[in-house]
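Q: Starting from these lines, generate the structure:
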Amino acid sequence: MLGHPPQVIRDAAPDAGFCGVVVARIAADVIDAVEGRLPLREAMLVDLACGTGSAALAAASRGARVTTVDFTPNLIAIGAHRADVAGRSLTWVTADASDTGLPRPVIRRSGLEYGDHIR
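A: Here you go, the predicted structure:
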């Protein structure tokens, strides 16, 4: 794991408790791995089953244009609030990931998907 300093993780998820901090750390590591393969500045990303948006916020902080999708309105509201506090602009969508119209191969259990190839 690439790892991030504890202060970075606390800043990413200040009110999330231990589980949220762990999720934020994993999300940051996932975004590190994605950025190692795909430049994120101006990349269009879709974060399926985004929850409160840890991965989406990490990607947006690196210049990605992010659309999030989650089935749970409360999680979307928390994520949108976190984005506002962080000064990030993301598109938040409450929907079932299987109803997004995205091709089936794009919807995976891992959640985060990158989609410059999606038009």
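
Q: Dihedrals phi and psi, the closest residue in space to residue 73 that isn't next to it in sequence?
A: The shortest distance from residue 73 to any non-neighbouring residue, by Cβ to Cβ, 6 or more residues apart in numbering, is to residue 94 (4.9 Å). The C-beta positions use only the backbone N, C-alpha and C, and glycine is treated the same way. With angles defined as degrees, to the nearest 10, residue 94 sits at phi -90, psi 110.

Q: Identify the residues contacting residue 94.
A: By Cβ atoms under 8 Å, 6 or more residues apart in numbering, residue 94 lies in contact with 69-73, 76.

Q: Could you work out the most separated pair of those?
A: Spanning the widest gap among those are 69 and 73, at 12.0 Å by Cβ to Cβ.

Q: So for those two, which sits in the more crowded spot?
A: residue 69 (24 against 10; other Cβ atoms under 10 Å).

Q: quick one, phi/psi of that one?
A: Main-chain torsions, residue 69, degrees, to the nearest 10: phi -140, psi 130.

Q: how much space between it and residue 88?
A: According to Cβ to Cβ, to the nearest Å, residue 69 and residue 88 sit 17 Å apart.

Q: Now do the buried residues in stretch 32-47.
A: Across stretch 32-47, burial judged by 16 or more other Cβ atoms under 10 Å covers 34-35, 40, 43, 45-47.

Q: So which of those residues belong to helices?
A: 34-35 (DSSP state H).

Q: Show the residue spans covered by the strands in the protein.
A: For the chain, applying DSSP state E gives strands covering 44-48, 65-70, 91-94, 112-114.

Q: Identify each buried residue in the longest one, please.
A: Of the residues in strand 65-70, those buried under the neighbour-count criterion (16+ other Cβ under 10 Å) are 66-70.
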